[in-house]
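>>> model this:
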Amino acid sequence: MDYANLFSIIFYTASISSLFLGMYIISLNYKNALNQQFLLISLALCLWSFCFSVANNAPDLNTVLYWRRISVFGWGIIYTLILHFFVLLARKYYGALKRSIFLFYVPAVMVVYVFGISPLAPERYEFVRTITGWVNISPFDNIWDWFFSLYCTSYILLSLYLLYNWGQRTRRKNNKKQAGFIIAAFLLALVSGFLTDFFFNMLIDVKIPQLAPLIGIIPFSAIFYYIRKYGFIRIDEGREAKPGMILSEFDLSKYYETVSSTYIIGSILNFIIQFFLKRSSIETILPISVFLFFIGIIVWMMPVFIKKDRVRDILFTIIISLSIPLAVIFPISSDNAIIWFIPVALVIFSLIYNQRYLLYSVAFSCLFTQVSLWIKNPVIVIKLDDAEYLKRVFFFLVCMSITYYIYRVYFYRLKEIEGKIKLQQIVAKISAQFAAATIDTIDDRINEMLQVSGDFFRADRAFVYMFSKDRITHEWRNGYMEGNTKKSQELLRDYLSELKNSKLHNKLIKMPALQGTAANNNRRSLFFRAGKCKFLFAVPLSKKDQPVGVIAYILNQRRSDWKTGYQNSLEILANILSDSLARIESEAHITHLVYHNRLTDLPNKRYFDKFVNNKLDSGIKQKKALILVNYRDFTLTSMTYGYNYSNDIIRKTAEELSNFMRGSISLFHVSIDHFVLWVENYRDKSELDKLCIKIIDLLKDRFSGRVSGGNIGIVEIDKYDEDSDTLLKYASIAANSVKREKDWGYSYFTEKMEVDINKKRQIEDGLKKIISGDESQSNIYLKYQPIIELKDNRIVGFEALARMYNQDLGEIPPLEFIPIAENTHQIYQLGELIIHKACQFLKEMEYKGYSEQMVMLNISVLQILRDEFVEDFLGLINKYGIDYPRIGIELTESVFSKDYMKINEKLMKLQDLGINIAIDDFGTGYSSFARERELNVNCLKIDKYFVDKLLDIGYRNAITGDIISMAHKLGHRAIAEGVEREIQKQYLIENSCDYMQGYLYSMPVLQEKALKMLGET
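Predicted structure coming up:
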């Protein structure tokens, strides 16, 4: 065996390996300073190994010395380059050392000069030829040998110190492991170098060459391993695959690497075959090998340094086209005639290039080369030997490799296109489904999306995690997930919840590649171990540029096919889901607003209708009841205290009634102050009674003094086959039928109530028509009851009493239509109409010559509480030109329980103008002489009740006289109502009553009769 040749081949292999390692690292990120420094180290090691490869089996001593002196440019500076590399690595901690790093190159320059450039350099070597090759046996006895030993030893130790210190200071656990592993690799290299260069050569007779360049591969292999595993020198991830014609941008870079590798491998094999096997001279081998090698290097570096596609394509075409004649024509001989395979390989390569002009250029170059070769060497004799056969085998292997590469490019390109089409179909289908999704179907659509996309992406698990709910809301699993699922769920939730405050920007998140705090990385690592997961891909779900959750896919095995297309599609799916969730949320919010009361957030009338009708249509046989709760005169409360006050009552009422909600009771807010309870499965009527009593007790206690009472209407639904609106109408009828003597009460609906309410509706409709000017079916007119002065039995005025007539109902008394007018807010227009008619009567009396008589008008509490009442009332009086003392108003004393100060202030303004103010029905309501003293009134109208008592209990026991006396003492005049007997009149005269009204003199009469009565008196 030719051991010298074997060692040369080993050195040559180490040279090529170090070169490829450096080229690989710089191609990852050529701008990174560490990558650049690593390339310099690799080039130094490559030069060192290559020179040793040539020198080890050189034919003569001069050749050995020549190549060994060149090798000093590798081994002389490599230790400084290594130190510089670790200074850059630890630059965070050694900024000053970085600034003075170039001073460390001085020893390297001295070594290069002494052992390589100096004329005395040959004296530093002493070579002998052995069976293993040329071995340097120069004695280690001069100062320069010691200088070199001190230089390399100190630099290696300093480098190890920097590496160790960096590993100690860094917070990343992986960096600490990397530092320890690389230190161990360096120590192994040092020990191996000592054993081979000193120990073996001293103890054994067979001398072996210096193996330092081979041993140097050990630490570099360690660095390369950690680059691949942990990203020791971070890979530039900016070069992503983009769609192209045949080759994407990423595949195009691989294409350049493959073409480059073909040139470089051709150069390497040509050198090995010619130099080591055929023993050709180095002068004949190097030109073609170096030419092919540098073409390969140039092609390799093109995608790294040339970013403009057009420039790169043109340059690549020129280089490839010119390399064919330069590599084939000029060095052609019988020894290397097989070099013609290069055009064939390049033609095959040009088939898949994105630009067609490469194929045209290569084809023209091949034809030109072959014709030129034919002219130059019409006849050439080829000797087939072992080396030539080896060349042919290599040619066929290269062609098969290129063919397989092209097959793979087309196969994966077609597969990629097919995948994209399928993915587009999936995205289109999902998009269409989500566009039609509703709040009821959105969960099904999300689950379908996770299943379809999870199958396509070949994921093992897919889920949607929402930050607001702090949990996984939707999930799909592809079979059984190994590992501690419960523990992994907790760890995953902890980690994902922390992403809520991260700036995610709707971009793909990759785990475990994510950077974060040590605690985060710890939890992430625990999750992957607990769940036996390899990768997690997630994209945030956003709303108004704020993350609201993530959609994630977990892979239990490594996947090499998660390309940018998948990532982009995942982001598209996330956008579709984000938009759909935002739309559904908006629709849900709108639906909620449509079906819920904005003030109380309880289901409203629209929701009530759907709910009740669905219940009625279900056909389920069970007892059902509807309970309506509302306040009395709540409109008056709002007008008196304002809407904020009344809204606060409504909100708190909803809170109180919500306490009654349970499985069989539902609560609705159907109108301003109307709440409805839907009751199911109650035992009997007594249970409804107890429920109503509880509601009354609760609301009475809670809102005592704030509301004037309330009514509850109950409808037993089983008795009436009606829709929701009709049932609610029945409940309202029942509530309104509660007697007003009590503040609170409840009533069950009966059919008679509906008759009464229909009558009320007819009255209400009639009032509307009257106010609008249509009196064809109903009309309002006034009757006038004389007010008699008891002193001289003279008519001093009239009380105007409103009456309503309806063609169907006949004459309707005020006690029926006035409350309806008040409840329907028609009392304002109706009151204005009555004042008009009264003023017309006053003008008529004035026209007839009766200019002293006055008219008293009954005014509703709702009228006088209006802020505009005084202004409007005076405006009407002034419109007719009536003297203020000729008109008066009557108010029931219960009016003053509403807003005493406000009403009294208005009465004072009217009284100051001379308008008479009387309190009607005195003694039956909130009577208090203490308050009467403060009221701005002129008269007290004694209620008929006290006049009637004169006949029942006798004069002596009656308090009617006392009331008259107290009225006079308070400065008021007294008017007795309901006088029907002469004996009652005499009592009033005896007790100094001022005026009287009653049937004794006249019942209320029409205007014509009243005027006639004035004439008669």
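>>> Could you grab the helix/strand/coil label for the residue lying closest to His836 once chain neighbours are set aside?
Nearest non-adjacent residue to His836, counting by C-beta to C-beta, 6 or more residues apart in numbering: Leu876, 6.7 Å away. Using the backbone N, CA and C atoms, a C-beta is placed for each residue, glycine as well. State at Leu876, reduced to three classes by DSSP: H, G, I helix; E, B strand; the rest coil: helix.
>>> Correct me if wrong: Leu876 contacts Ile835.
Yes. With contact defined as C-beta atoms under 8 Å, Leu876 and Ile835 form a contacting pair (5.2 Å).
>>> re the thing from before, please report the confidence value the model assigns to the residue nearest to His836.
Leu876 carries a pLDDT value of 92.
>>> Just give me the neighbour total for it.
Neighbour count for Leu876, taken as other C-beta atoms under 10 Å: 15.
>>> mind listing what it touches?
Applying C-beta atoms under 8 Å, 6 or more residues apart in numbering, we find Leu876 in contact with Glu832, Ile835, His836, Cys839.
>>> List buried members of these by neighbour count.
Ile835, Cys839 (16 or more other C-beta atoms under 10 Å).
>>> now, among the contacts of Leu876, which is nearest to Ile77?
For the contacts of Leu876, the closest approach to Ile77 (C-beta to C-beta) belongs to Glu832, at 110.9 Å.
>>> what about the stretch 1-150 of the chain, any weak spots by pLDDT?
1-2, 30, 91-99, 138-141 (pLDDT under 70).
>>> mind listing the helices for it?
Secondary structure of the stretch 1-150 of the chain, counting by DSSP state H, counting those that start in this stretch: helices at 3-28, 33-56, 61-75, 78-89, 95-99, 106-112, 143-169.
>>> between those helices, which one is nearest to Leu188?
Taking the helices of the stretch 1-150 of the chain one by one with C-beta to C-beta, helix 143-169 is closest: 12.1 Å.
>>> How about residues contacting whichever helix or strand comes after the closest one?
Next along the chain after helix 143-169, taking DSSP states H and E as the criterion, comes helix 173-194. Contacts with helix 173-194, where a contact means C-beta under 8 Å, 6+ apart, come from 156, 159-160, 163-164, 166-168, 170, 211-212, 215-216, 218-219, 221-223, 226, 230, 232.
>>> got it, and stretch 945-963?
Contacts with stretch 945-963, where a contact means C-beta under 8 Å, 6+ apart, come from 922-924, 940, 942, 974, 976-979, 981, 983-984, 987-988, 990-991, 998.
>>> Is it possible to mark the buried ones in those residues?
The neighbour count (16+ other C-beta under 10 Å) marks 922-923, 940, 942, 974, 976-979, 984, 987-988, 991, 998 as buried among the contacts of stretch 945-963.
>>> Which helix or strand contains Ser851?
Under DSSP H and E, no helix or strand contains Ser851.
>>> ugh, wrong one, I meant Leu815
Applying DSSP H and E as the criterion places Leu815 in helix 814-823.
>>> next one: Ala538
Take DSSP H and E as the rule and Ala538 turns out to sit in strand 535-543.
>>> so what does that strand touch, helix or strand wise?
Judged by 3 or more C-beta pairs under 8 Å, 6 or more residues apart in numbering; DSSP states H and E, the packing partners of strand 535-543 are strand 509-511, strand 546-555, helix 564-595.
>>> which stretch in those has the least confidence?
Of all these, the minimum mean pLDDT falls on strand 509-511 (a mean of 57).
>>> Just give the number of residues close to Lys769.
Residues near Lys769, counting by other C-beta under 10 Å: 14.
>>> wait, it sits on Glu775?
Yes. Counting by C-beta under 8 Å, Glu775 is a contact partner of Lys769 at 7.2 Å.
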